[in-house]
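Student: generate coordinates for the sequence data below:
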Amino acid sequence: MNYKGLFLILAICLTSCDLNHSPINKGGDYFKPKWPGVRNGNVRVIQIEEKGRQYKLWTKTFGNSIHTRILLLSGGPGCSHEYFECFENYLPAEGIEFIYYDQLGTGFSDHPMDTSMWDLARYVEEVETVRKALQLGPSDFYLLGHSWGGILAMEYALKYQKNLKGLIISNMMASCPKYDQYAKDVLAKKINPIVLDSIKMMESKGDIHNPRYTELLMTHFYSQFICRIPLSEWPEPLQRSFNGLNESLYVTMQGPSEFGISGKLENWDRSSDLNQLKIPVLVIGATNDTMDPEYMSWMSQQIKGATFLLCPNGSHMCMWDDQEHYFPGLVSFLRNK
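Tutor: Now for the predicted structure:
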């Protein structure tokens, strides 16, 4: 064997391997570390003070953009950021930065036992604290709120729109009384009456932890109006987020029933205030949503220059069950603003 020739080949191979080679997929500045120090996946824990005590809020930034940065407000109330993980398959390719954020009482953030902290006005100020900590501003800051997160986003925008570049209201009506009416007059009538009576009877008895109650809801309500992907195929991030729901937060704000609202948000209504919004706004609804799509279309008409996106094949979680409409519509809005 010609060892001299073999060593020569190895030497050529080794010298041609540059340890500082460029990655195969060049991301430009998009994948540049967001914060100085140890690279921790761009997780940023933000300290807040409430009632003389310190609490931690968990955030994680995906990507790096100087023009388009979206803070995601999850729903429930009480769900974590995790059901937004499908955004990772769509927004990076567009160079759009997005930020996971677990509100106080959800996900990786602290979970106080004091239910008086489950308060809309307090959460608005919490979002403002997060905005300041992450250095978001009117040149780059978009707020996307889904479901309860949509209520929070609207409320924040009506107080702090000077800090926003744009607002996305995803699958939420601007009136809880109107939502309550829609749930009772439309959604409930789409459920088998015998099943509906069983659900309401268990709710009236406070028997919402009964496995039968969960089974009926999942089979007859969630599969129609929450996510229309077959239950056996529900995406793991969606299940993970739902499994971690903070029930105390949910019941305090929403109430125990899916067929209407009876918690602290029962009388919340900003319908007449929508025309105060002067920033670019996208309202997203779905044909099979728990929220009235016609009302959400009406919402967009109350805001000068606003856009309405209907996901015709989707439900409340149309970022999962109608991705072919949800994400192109979202990206188009962001590109054109």
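Student: pLDDT weak spots in this structure?
Tutor: Regions of the chain meeting the criterion pLDDT under 70 cover residues 1-28.
Student: all helices of it, in order?
Tutor: Taking DSSP state H, the helices of the chain run over residues 3-16, 120-133, 148-160, 176-182, 193-204, 211-217, 236-243, 247-253, 293-301, 318-321, 323-335.
Student: mind checking how far the fifth one is from the chain centre?
Tutor: Taking Cα atoms, centre = their mean, to the nearest Å, one finds helix 193-204 lying 30 Å from the centre of the chain it belongs to.
Student: okay, buried residues for it please.
Tutor: Buried residues in helix 193-204, defined by neighbour count with 16 or more other Cβ atoms under 10 Å: 196, 199, 202-203. Just so you know, the C-beta spots here come from the backbone N, C-alpha and C atoms, and that holds for glycine as well.
Student: between the helices of the chain, which one is closest to L73.
Tutor: helix 148-160 (3.2 Å; Cβ to Cβ).
Student: which residues touch the residue lying closest to V283 once chain neighbours are set aside?
Tutor: Spatial nearest neighbour of V283, chain neighbours left out: S300 (4.3 Å); criterion: Cβ to Cβ, 6 or more residues apart in numbering. Counting by Cβ atoms under 8 Å, 6 or more residues apart in numbering, S300 touches 281, 283, 306-308.
Student: of those - the most surrounded one?
Tutor: Across the contacts of S300, neighbour numbers were computed from other Cβ atoms under 10 Å; V283 holds the maximum, 29 neighbours.
Student: so what's Q54 up against?
Tutor: 47-48.
Student: can you pull up the bridge partners for it?
Tutor: E49 (DSSP bridges).
Student: ok so, going back, reformat the buried residues of helix 193-204 as a markdown table; add distance to S262.
Tutor: Converted to a markdown table, those look like this (distance: Cβ to Cβ, whole Å):
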| residue | distance to S262 |
| --- | --- |
| L196 | 17 |
| I199 | 15 |
| M202 | 15 |
| E203 | 10 |
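Student: tell me how far the spatially closest residue to Q47 that is not a sequence neighbour lies from S147.
Tutor: Nearest non-adjacent residue to Q47, counting by Cβ to Cβ, 6+ apart: Q54, 5.8 Å away. Using Cβ to Cβ, to the nearest Å, Q54 is found at 29 Å from S147.
Student: try L72
Tutor: 12 Å.
Student: do P177 as well
Tutor: 17 Å.
Student: these two: which is more packed in?
Tutor: For P177 versus S147, neighbours defined as other Cβ under 10 Å are more numerous around S147 (24 against 15).
Student: just to check, that one is in contact with M173?
Tutor: No: between S147 and M173 there is no contact under Cβ atoms under 8 Å: 10.1 Å.
Student: any idea how many residues pack against the closest residue in space to S80 that isn't next to it in sequence?
Tutor: Residue nearest to S80 in three dimensions, not counting chain neighbours: G107, with 3.1 Å by Cβ to Cβ, 6+ apart. By other Cβ under 10 Å, 22 other residues sit near G107.
Student: so G107 touches Y83, yeah?
Tutor: No: look at G107 against Y83 with Cβ under 8 Å: they stay out of range, at 10.5 Å.
Student: give me the common contacts of these two.
Tutor: Between them, G107 and Y83 share these contacting residues under Cβ under 8 Å, 6+ apart: S241.
Student: hmm, who's touching stretch 249-265?
Tutor: Counting by Cβ under 8 Å, 6+ apart, 76-78, 105-106, 115, 118-120, 148, 151, 176, 179-180, 183-184, 187-188, 196, 199-200, 203, 206, 208, 217, 221, 266, 290 sit against stretch 249-265.
Student: gap between the two ends of that stretch?
Tutor: 12 Å (Cα to Cα, to the nearest Å).
Student: how about that stretch: buried residues?
Tutor: 249-255, 257-261, 263-265.
Student: stretch 327-337 too?
Tutor: Neighbour-count burial for stretch 327-337, counted by 16+ other Cβ under 10 Å, picks out 327, 329-331, 333-334.
Student: return the closest of those residues with respect to T68.
Tutor: Distances from T68 to the buried residues of stretch 327-337, taken by Cβ to Cβ, are shortest for L334, at 5.5 Å.
Student: ok so, going back, among the helices of the chain, which comes closest to T61?
Tutor: Nearest to T61 among these is helix 120-133; the distance by Cβ to Cβ comes to 11.3 Å.
Student: distance check, D140 against K200.
Tutor: The gap separating D140 from K200 is 47 Å, by Cβ to Cβ.
Student: center of the protein - which residue?
Tutor: The centroid of the chain falls nearest to S74 when counting by Cα atoms, centre = their mean (3.4 Å).
Student: how close does that residue sit to M172?
Tutor: To M172, S74 is 12 Å away according to Cβ to Cβ.
Student: now, the most widely separated pair of the buried residues of stretch 249-265?
Tutor: Maximum distance among the buried residues of stretch 249-265 (Cβ to Cβ): 19.5 Å, for L249 and F259.
Student: related to what we said a few turns ago, tell me if I'm right that the residue nearest to the centre of the chain and I99 touch.
Tutor: No: in this structure, S74 is not within contact of I99 by Cβ under 8 Å, at 11.7 Å.
Student: if you count neighbours, what's buried in stretch 272-289?
Tutor: By neighbour count on 16+ other Cβ under 10 Å, the buried set for stretch 272-289 is 274, 277, 279-286, 288-289.
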